[in-house]
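[1] Test case, fold it:
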Amino acid sequence: MALPSYAAQAVTNDNVGVTSITQSPLAASAVGAGVTQVTLTAFDAEGNSAHTSFNVTVLDGTPPVITVLGSNPATVPADSVYTDAG
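    So this is what the prediction gives:
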């Protein structure tokens with residue numbers, strides 16, 4: 001999944017005006033399944049900064065695939081050893 005621009009969605013307030021907001025990891029960064037911490041940092045015209053962090057959780061919704069090699073179904077006599085054809 002590519003991270004969206006959370007900086008573009010941020011709401012800020014400052015007495016001299018916010019000049020920029022950065023995001024780490026950057027927007028469009030690819031992240032896999034699991035938890036990724038995102039940090040937003042706001043800068044004002046006087047060089048002050050404030051930051052906040054939050055977690056983004058990506059769930060893996062793709063089920064696994066099983067491929068049977070050889071005959072399907074396979075017949076194996078009782079009390080014998082089965083060796084996969086693959």
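[2] Check the model's average confidence along stretch 14-21 for me.
    Average pLDDT, stretch 14-21: 96.
[3] Now it: buried residues?
    18, 21 (16 or more other C-beta atoms under 10 Å). (Glycine included, C-beta is placed from N, CA and C.)
[4] Run the chain-centre distance for it.
    On the basis of C-alpha atoms, centre = their mean, to the nearest Å, stretch 14-21 sits 29 Å off its chain's mean C-alpha point.
[5] Tell me where the protein has strands.
    Ranges of strands in the chain, per DSSP state E, are 18-24, 34-44, 49-58.
[6] Make TSV out of these and add distance to Val11.
    Listed next are the strands of the chain as TSV, based on distance: least, C-beta to C-beta, whole Å:
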stretch	distance to Val11
strand 18-24	10
strand 34-44	10
strand 49-58	11
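[7] Please name whichever of those is nearest to Ser5.
    strand 18-24 (6.7 Å; C-beta to C-beta).
[8] The closest one - which strands sit beside it in the sheet, and in what orientation?
    strand 34-44 (antiparallel) (DSSP bridges).
[9] follow-up on the earlier one: for Ser80, which of the strands of the chain is the nearest?
    Here strand 34-44 is closest among the strands of the chain (C-beta to C-beta), at 42.9 Å.
[10] average pLDDT for the closest one?
    So the average pLDDT for strand 34-44 ends up being 98.
[11] now the angle from it to strand 49-58?
    160 degrees (axes from the mean of the first three to the mean of the last three C-alpha atoms, to 10 degrees).
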